[in-house]
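Q: I would like the atomic coordinates for the input below:
(chains A and B)
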Amino acid sequence: MFGKFKRLWAKQPLKKSYDAVIIGGGLHGLATAFFLARNYAMTDVAVIEKRYIGYGGAGRNTAIVRANQRTQENLPLYKEGLDFWPILTKELDFNLMFYNCGNLNLAHSEAALKALRLQVTSAQFHGINSQLVDPKECKALIPALDISDRPTYPIFGGMYHPPGGIVRHDAVVWGLAKGAAKLGVHIHQQTEVTGIEVENQKIVSVDTSNGKISTPRVLNAAGGYSAAVSYHMLGIRLPISVLTIQAMVTHPLKPLLNHVVSSGAYHVYANQTLKGEIATGSHMDPWPNYTTQTSAYYIKHQAEALTKLMPCLKGVKFMRSWAGLADMTPDMAPIMDGNYPLEGYYMDCGWGYFGFKSSAVTGKYMAQFMATGECPDILKPFELRRFEHHRLMGETPAVVEYSPNN
Amino acid sequence: MSLTITCPICGKRNGYEFRYGGEDKEKRPEEDMFTSRAWCSYVHMNKSVAGTQKEWWCHKDGCGAWFAIYRDTTTNLEVSDPNEDGSKAKA
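A: Residues are numbered from 1 along each chain as shown, chains lettered A, B, ... in the order given. Below is the predicted model:
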């Protein structure tokens, strides 16, 4: 296994024209490129990445996958996204290390338990395995939890979602890049998009730091940077606030946490990685910015929350922390649209801190949208115009409940 | 991520004392010309500038004042009004 390295994808020269240009070499961009090539034989596709693939949210999320959203528009997409990981592993012939250990969301008040009841019944209605559990069952699932009445916010119950878990996010990036490149997609790293040219309300070309590309189709899949790309390149404003979200890992421990656990009241979620580290994070820093700085303030908060929830973690050290960008929308649901407001302009953004979970399946549907020009039914509710029609989705996240908008 | 903000009453303070109030969107749309799109544009749409933007803040854990400042979103530092003479840079 040592010495003989074979590159997963080859570096290609930047051509003067492509059938489609995808801005952003993250999971959504790479997945769309892969499915354009595989399902629609559109192989003349370029993925333009300013830094390196997986630099942004794709490599910074905490790798949790789940389908316990709240609304009828979001649940089917996330369910298919969750069911898709084992299928994708086979299709890409690449081990994505899907570990379906289950997610446990804790409620620390009667009101929180009522909210979980709504989420559980919505999930069950859509055929997703999700159930309410009482504190004793929580303790049985995660013995490290303190279910006594001593904590500031005692545990009232939880929502247990067995099919959720963890996927190795880097493996998904590499697997999709390998698969797409094999089918003929060009992946251009260290290539920055510097402009998008429009004629008669139609996309005609993309300027990059390595040359101009003529193309009739552009997908904005720049993740945390998508709102800035949209405004700076096209003057299109989006209902997005870009917030920093921090995460961190402890030093490796023996197995003690067999599920993904999260608590809204303590603002914390945690899981134990296959290496034994406790990976943890929670809410966002509440002011928009494009830095990925971490803060002592936040590490302190995280340590307090984690040790209140699981007192046995007292004395464990954080080993490293990092941050990523979350492009938050006011209704906590993504924006997927195409040929609006410009012909040939597609967007797949506003995924906030939950873009990892359904990235692959979203790529499949965005590829369908771009290849046929027809929006698949499952993506229709996510159009940009829902904001001006005042049809915001009733999606609130499972772990955190604020953005600068509320 | 350190951030300090200068409150017009209390001076330079830790950013965690403040609540972000959104991008400055200039004037609220006139109600007699009101359209769904104009309201959406005013309420929801952001420039999300990578660079200097004018924005609103409230000193929630302090005097409670609402005020606007300029901040560079790529460095997270408060900056002086780019439309004025640069010599007036804030301390």
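Q: residues touching residue 10, list them.
A: Let's take chain A. Contacts for A:Ala10 (C-beta atoms under 8 Å, 6 or more residues apart in numbering or on different chains) come out as A:Ala181. (Each C-beta comes from the backbone N, C-alpha and C, glycine too.)
Q: not quite, I wanted chain B
A: When the contact criterion is C-beta under 8 Å, 6+ apart, the partners of B:Cys10 are B:His59, B:Gly62, B:Cys63, B:Ala65.
Q: how does it look with 10 Å?
A: In this structure, B:Cys10 makes contact with B:Glu17, B:His59, B:Gly62, B:Cys63, B:Ala65, judged by C-beta atoms under 10 Å, 6 or more residues apart in numbering or on different chains.
Q: pull the number of nearby residues for the third one.
A: Meaning B:Gly62. The number of residues packed around B:Gly62, counting by other C-beta atoms under 10 Å in any protein chain shown, is 16.
Q: SS state for it?
A: Three-state call for B:Gly62 (DSSP: H, G, I helix; E, B strand; the rest coil): coil.
Q: how near is it to B:Cys10?
A: B:Gly62 sits at a distance of 5 Å from B:Cys10 (criterion: C-beta to C-beta, to the nearest Å).
Q: circling back: just among the contacts of B:Cys10, which is most surrounded?
A: Neighbour tally across those (other C-beta under 10 Å): the maximum, 19 neighbours, falls on B:His59.
Q: can you pull the phi/psi pair for the closest residue to that one other than its chain neighbours?
A: Using C-beta to C-beta, 6 or more residues apart in numbering or on different chains and skipping residues adjacent in sequence, the residue nearest B:His59 is B:Cys7, 4.7 Å away. Reported as degrees, to the nearest 10, the phi and psi values for B:Cys7 are phi -80, psi 140.
Q: so the residue nearest in space to the middle of chain B is in which element?
A: Nearest to the geometric centre of chain B sits B:Glu55, at 1.4 Å (C-alpha atoms, centre = their mean). Counting by DSSP states H and E, the element that carries B:Glu55 is strand B:52-58.
Q: one step back: look up the closest residue to the residue nearest to the centre of chain B, ignoring the ones flanking it.
A: In space, B:Glu55 comes closest to B:Glu23 once its chain neighbours are excluded; the distance is 5.4 Å by C-beta to C-beta, 6+ apart.
Q: for that neighbour, what are its contacts?
A: By C-beta under 10 Å, 6+ apart, the contact set of B:Glu23 is A:237, A:241, A:288, A:404, B:45-49, B:53-56, B:68.
Q: quick one, helices of chain B?
A: Here chain B has its helices, by DSSP state H, at B:36-43.
Q: tell me which parts of it are close to chain A?
A: By C-beta under 10 Å from any C-beta of the partner chain, the residues of chain B that approach chain A are B:1-3, B:5, B:14-16, B:18-23, B:25, B:35-41, B:43-51, B:53, B:55, B:57, B:71-77.
Q: which of these are buried?
A: With burial judged by 16 or more other C-beta atoms under 10 Å in any protein chain shown, the buried subset of the residues of chain B next to chain A is B:1, B:3, B:5, B:15-16, B:18, B:20-21, B:23, B:25, B:39-41, B:43-50, B:53, B:55, B:57, B:71-73, B:76-77.
Q: which of the residues you listed fall in strands?
A: For those, membership in strands holds for B:Ile5, B:Tyr20, B:Gly21, B:Glu23, B:Gln53, B:Glu55, B:Trp57, B:Arg71, B:Asp72, B:Leu77, with DSSP state E as the criterion.
Q: closest to A:Glu395 among those?
A: Checking these against A:Glu395 by C-beta to C-beta gives B:Tyr20 as the nearest, at 21.5 Å.
Q: just the CA atoms of the strand holding B:Glu55, as CSV, please.
A: In CSV, the C-alpha atoms belonging to strand B:52-58 read as follows (Å, rounded to 0.1, in the frame of the first residue of the first chain):
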residue,chain,number,x,y,z
THR,B,52,-16.8,46.7,4.1
GLN,B,53,-20.4,47.0,4.9
LYS,B,54,-22.7,49.4,6.9
GLU,B,55,-24.7,47.6,9.5
TRP,B,56,-26.9,48.0,12.5
TRP,B,57,-26.1,47.0,16.1
CYS,B,58,-27.8,47.2,19.4
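Q: what's the closest residue to B:Lys47 other than its chain neighbours in contact with, if anything?
A: Of all residues not flanking B:Lys47 in the chain, A:Tyr231 sits nearest, at 4.8 Å (C-beta to C-beta, 6+ apart). The contact partners of A:Tyr231, by C-beta under 10 Å, 6+ apart, come to A:Arg237, A:Leu238, A:Ile240, B:Met45, B:Asn46, B:Lys47, B:Ser48, B:Val49, B:Ala50.
Q: strands paired with the helix or strand of chain A with the lowest mean pLDDT, and their directions?
A: Of all the helices and strands that make up chain A, the one with the lowest confidence by mean pLDDT, DSSP states H and E is strand A:278-284; it has a mean of 90. Based on DSSP bridges, the strands next to strand A:278-284 in the sheet, each with its direction, are strand A:241-250 (antiparallel), strand A:268-272 (antiparallel).
Q: the longest one versus strand B:19-23: what angle between them?
A: Okay, so that is strand A:241-250. Between the axes of strand A:241-250 and strand B:19-23, defined by axes from the mean of the first three to the mean of the last three C-alpha atoms, to 10 degrees, the angle is 140 degrees.
Q: looking at strand A:241-250 now, give me its mean pLDDT.
A: For strand A:241-250, the mean pLDDT works out to 95.
Q: report all helices and strands that the very next helix or strand once past it contacts.
A: For strand A:241-250, the succeeding helix or strand toward the C-terminus, using DSSP H and E, is strand A:260-263. Secondary structure elements in contact with strand A:260-263, counted by 3 or more C-beta pairs under 10 Å, 6 or more residues apart in numbering or on different chains; DSSP states H and E, are strand A:64-65, strand A:103-107, strand A:157-161, strand A:268-272, strand A:278-284, helix A:296-309.
Q: now the fifth one and helix A:296-309, what's the angle there?
A: Calculated by the same axes, to 10 degrees, strand A:278-284 forms an angle of 120 degrees with helix A:296-309.
Q: need the CA coordinates for strand A:278-284. CSV is fine.
A: Extracted C-alpha coordinates of strand A:278-284, given in CSV (Å, rounded to 0.1, in the frame of the first residue of the first chain):
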residue,chain,number,x,y,z
ILE,A,278,-15.5,13.6,20.9
ALA,A,279,-16.4,15.9,18.0
THR,A,280,-18.6,18.7,19.2
GLY,A,281,-20.1,22.0,18.1
SER,A,282,-23.3,23.9,18.3
HIS,A,283,-24.6,27.3,17.4
MET,A,284,-23.1,30.0,15.2
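Q: relative to the whole chain's centre, how far out is that strand?
A: Between the centre of strand A:278-284 and the centre of its host chain there is 14 Å, according to C-alpha atoms, centre = their mean, to the nearest Å.
Q: show me the contacts for the closest residue to A:Asn103 other than its chain neighbours.
A: Once its chain neighbours are removed from consideration, A:Asn103 has its nearest residue in A:Gly164; the separation is 3.9 Å (C-beta to C-beta, 6+ apart). A:Gly164 makes contacts with A:64-68, A:78, A:82, A:100-105, A:128-130, A:259-260, A:357, as judged by C-beta under 10 Å, 6+ apart.
Q: what of A:Glu277?
A: By C-beta under 10 Å, 6+ apart, the residues touching A:Glu277 are A:Met248, A:Val249, A:Thr250, A:His251, A:Pro252, A:Leu253, A:Asn271, A:Val316, A:Phe318, A:Met319, A:Arg320.
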